[in-house]
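In: give me a model of this one.
(2 chains)
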Amino acid sequence: MSMLVTAPVLVPLLTALLAAFVRRRASLQRAVSFLGIGVLLACAVALVSITAEGRTPSVSFGGWPAPFGIEFRIDRLGAIMILLAALMGAASLLFLMSDADTGPHAPLLLPLLHGMLVGVGGAFATADLFNMYVWFEVMLIGALGLFAIGGRLDQLDATLKYLVLNLVGTLLLVVAVGAVYAVTGQLNFAAIHEAVVRLPAGMSTLLLAALMLAFLVKAGAFPLFAWLPASYHTLPAPVLALCAGMLTKVGIYALLRMMGDVFAPSPTMLLDALGWIAAATMLVGVLGAAYHWDLRRILGFHIISQIGYMLLGIALGTDAGDAGAIFYTAHHIIVKANLFLIAAMIWRLTGSYDLRRIGGLYDAKPMLGLLFAVPALSLIGIPPLSGFWAKLLVLREAISLGHIAWTVVALVVSFLTLYSMMKIWLEAFWKKHPDADWRPPAARLAPAWTTTVVLAAITVTIGLDPQPLITFVMDAAAQLGGPR
Amino acid sequence: MIWTIAIAVWVTLLVGARLAMSRDAVRCVLGLSIIASAVNIILFSSGRVSSALPAVVPVGEMALGPSANPIPQALVLTAIVIGFALVCFSLVLVLRLIHDAGSDSTLDLRFSEPQPEHAVDPPMQAAHLEPPVPEPEVRAA
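Out: Residues are numbered from 1 along each chain as shown, chains lettered A, B, ... in the order given. Coordinates of the predicted model:
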């Protein structure tokens, strides 16, 4: 059991090391990567099934009992996030097999990718605040390597922006962690949860606000998201899908862990503030997407917009709100990664990411249009796809708590999302290609098709039969905040 | 003692912030590393600056006399190591970027987000900054 709890860190770590050792042999490295991600996926499924029974496996390192030693503790929320991370890693690796990517891979690309997954897995598994900071750093270092490894001028520029702005968030996080330790004398989540109750209300609000600020930078919330649109679009497509799917969502997870679990019940003032931040994030993100014509940048701004919905779920401060946020996160990771992967296929077939330079895909590849429509409509929230249930869960709770203003913003933003998706559809698929002689080139896209079709199938499955996932996230949300 | 540390934190923080807001990319990165030092001092003092707070005392024994709280020391060591790695990485990155871009002004570093020239129409990315489309594979006859 204890091996299983450490698997989210150990498996990708070993895979990364092995893949780095065999970096001169591309096929062996790929085999090692697939093996590693397969084992991780199996461990994640096992963790989900264990936690679904209501058990929360945990392990304390070094033989120290819980509040002193560093503890790994995986509940339902952690387990489903680990499963999603493993799934996205597998999707990214499979997509790398196609040639819808920027040419030959750097030998250290796969080790870095697994290294980033180490950070992601650790952040989901740990039950220690300082340890969580360390995993955020591991994730940051892995991501920086992935940004810079291409070496193109715009990638280096993007790396610098990503580094500088994320470092500010990291430093805020260290200050917040130090403050929590100084005031409570604890770093373990459960111990902080007990200590916070005895604090004066003002002090616990201050501590939580400091942590919120740091994690809002990491999640890409308004007005702290500038690092995301400045950097994401320069990544190679499969890595971009993984980063877009997972990285900001680790910030969301940390925020939910703090507000819904460790500091629960959160002060109303902070919940209200988060609700307005969520509304602003949705609106500003979708307006940024409406402005841009580059596929990657449109989708990049949509990440920010969608982050707003997850923040809104957390801001409601109830179990149902938290459950909505978890459901939304799960749905969003799959859909968003899929959209980026399909955008890469569009790029491979038409030769550009810019909508003004491409077109004619509906004549040439009608099935790709159908494939694009599934995650696009799901992102907007059209029934019966997964996005509809995600939005329903969050907004129903928002209405029942009387937050009409936030609900109206969320619905308006849905229409604007529809506008962006229609723009992509009209320009990339229905419009004639600007170059009259254009023919879709022969490309090795079979792995890309497999990946995107499987992800789309997951979206449709969740949409048609949402109840198992809804039950799971309801239980996950009920488990937060300790025994009540 | 705690006031000395507080003043040191503020001075370091201000120096770092002054540098970090510079338009020179190298200064910006160095400023951030100085801010990181200030943050490390904050983290270090989170365990109080005294010598009577051992983290764990075995059952039945009294506090171990003059011993400082070791947890913040462990924390700050971790933070220093991570910060050191990031400083190394960022300096190499900035030097390479300046070399490739031919400028160290952050106003010129607009390669990932080109400056818009038109009020409504977003800028097109220059062709050499787009990912290269792979050459079509030559089929064996």
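
In: show me the shaky parts of chain B.
Out: For chain B, the stretches flagged by pLDDT under 70 are B:49-67, B:135-141.

In: and the helix or strand encompassing A:L416, what other elements does it pack with?
Out: Per DSSP states H and E: A:L416 is located in helix A:404-424. Packing partners of helix A:404-424 (3 or more C-beta pairs under 8 Å, 6 or more residues apart in numbering or on different chains; DSSP states H and E): helix A:268-291, helix A:295-315, helix A:366-380, helix A:386-400. All C-beta spots, glycine's among them, are computed from the backbone N, C-alpha and C.

In: nearest to chain B, of the ones you listed?
Out: Smallest distance to chain B across these (C-beta to the nearest C-beta): 5.9 Å, for helix A:268-291.

In: list the buried residues in the closest one.
Out: A:270-271, A:274-286, A:288-289 (16 or more other C-beta atoms under 10 Å in any protein chain shown).

In: pull the distance from the longest helix that chain B contains to the chain's centre.
Out: Using DSSP state H, we find that the single longest helix of chain B is helix B:70-101. Distance, stretch centre to chain centre, for helix B:70-101: 6 Å (C-alpha atoms, centre = their mean, to the nearest Å).

In: buried ones in it, by neighbour count?
Out: Neighbour-count burial for helix B:70-101 [16+ other C-beta under 10 Å]: B:71-72, B:75-76, B:78-79, B:82-83, B:86-87, B:89-90, B:93-94, B:96-98, B:101.

In: so what touches the helix holding A:L416?
Out: Around helix A:404-424, the neighbours that count as contacts under C-beta atoms under 8 Å, 6 or more residues apart in numbering or on different chains are A:275-276, A:278-279, A:282-283, A:286-287, A:289-290, A:295, A:298, A:302, A:305, A:308-309, A:312, A:315, A:355, A:372, A:376-377, A:379-381, A:391, A:394-395, A:398-399.

In: now swap in stretch A:446-466 and tell me
Out: With contact meaning C-beta under 8 Å, 6+ apart, stretch A:446-466 is reached by A:91, A:94-98, A:100, A:330-331, A:334-335, A:337-338, A:341-342, A:344-345, A:348, A:371, A:374-375, A:378, A:383-389, A:469.

In: show the average pLDDT along it.
Out: The average pLDDT within stretch A:446-466 is 93.

In: cool, stretch A:310-320 as well?
Out: What stretch A:310-320 shows for mean pLDDT is 92.

In: ok, the spatially closest residue to A:I399 that is not a sequence neighbour - how many residues close by?
Out: In this structure, A:I399 finds its nearest non-sequential neighbour in A:T407, 5.5 Å apart by C-beta to C-beta, 6 or more residues apart in numbering or on different chains. Neighbour count of A:T407, defined by other C-beta atoms under 10 Å in any protein chain shown: 19.

In: and for A:G245?
Out: A:G245, neighbours per other C-beta under 10 Å, totals 28.

In: which of the helices or strands spans the closest residue to it other than its chain neighbours?
Out: What sits nearest to A:G245 in space, not counting adjacent residues and going by C-beta to C-beta, 6+ apart, is A:A337, at 3.7 Å. Taking DSSP H and E as the definition, one finds A:A337 inside helix A:319-350.

In: check which helices and strands that helix sits against.
Out: Helix A:319-350 packs on helix A:76-96, helix A:237-256, helix A:295-315, helix A:361-364, helix A:366-380, helix A:386-400, helix A:446-464, helix A:467-479, going by 3+ C-beta pairs under 8 Å, 6+ apart.

In: so what touches the fifth one?
Out: What that stands for is helix A:366-380. With contact meaning C-beta under 8 Å, 6+ apart, helix A:366-380 is reached by A:302, A:306, A:331, A:335-336, A:338-339, A:342, A:345-346, A:349, A:361-362, A:385-388, A:414, A:417-418, A:421, A:424-425, A:429, A:449, A:452-453, A:455-456, A:459-460, A:463.

In: can you select the buried ones from the contacts of stretch A:446-466 in PyMOL?
Out: Buried residues within these, by 16+ other C-beta under 10 Å, are selected in PyMOL with:
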select buried, chain A and resi 91+94+95+96+97+98+100+330+331+334+335+337+338+341+342+344+345+348+371+374+375+378+385+386+387+388+389+469
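
In: identify the residues contacting the closest residue to A:L401 other than its chain neighbours.
Out: Closest residue to A:L401 apart from its sequence neighbours, by C-beta to C-beta, 6+ apart: A:L316 at 5.9 Å. For A:L316, the contacting residues are A:L271, A:G275, A:D322, A:G324, A:V394, A:E397, A:A398, A:L401, A:H403, by C-beta under 8 Å, 6+ apart.

In: by neighbours, which of those wins?
Out: A:G324 (31 neighbours).

In: test my guess that that one contacts A:E397.
Out: Yes. Taking contacts as C-beta atoms under 8 Å, A:G324 lies within contact range of A:E397: 5.7 Å.

In: which neighbours do those two have in common?
Out: In contact with both A:G324 and A:E397: A:G313, A:L316, using C-beta under 8 Å, 6+ apart.

In: so how far is the helix or strand containing B:G31 off the chain centroid?
Out: Secondary structure from DSSP H and E places B:G31 in helix B:25-45. Put simply, helix B:25-45 sits 7 Å off its chain's centre (C-alpha atoms, centre = their mean).

In: counting contacts, what elements does that helix pack onto?
Out: helix A:153-184, helix B:2-20, helix B:70-101.

In: for A:F225, helix, strand, or coil?
Out: coil (DSSP: H, G, I helix; E, B strand; the rest coil).

In: over to it: give its phi and psi.
Out: The phi and psi torsions at A:F225 (degrees, to the nearest 10) take the values phi -100, psi 0.

In: who touches the nearest residue to it once chain neighbours are set aside in this structure?
Out: Nearest residue to A:F225, sequence neighbours excluded (C-beta to C-beta, 6+ apart): A:I304, at 5.0 Å. The contact partners of A:I304, by C-beta under 8 Å, 6+ apart, come to A:G220, A:A221, A:F222, A:F225, A:L228, A:P229, A:T281, A:V284, A:G285, A:G288.

In: equivalent analysis for B:Q73, please.
Out: B:Q73 neighbours (C-beta under 8 Å, 6+ apart): B:F44, B:G47.

In: what's the separation between it and B:S45?
Out: Per C-beta to C-beta, to the nearest Å, B:Q73 is found 11 Å from B:S45.

In: equivalent analysis for A:Q155, please.
Out: Distance of A:Q155 to B:S45, given as C-beta to C-beta: 39 Å.

In: now A:R439
Out: In terms of C-beta to C-beta, A:R439 sits 67 Å off from B:S45.

In: between those two, which one's more packed in?
Out: It is B:S45, of A:R439 and B:S45, that has more neighbours when counted by other C-beta under 10 Å, with 19 against 10.
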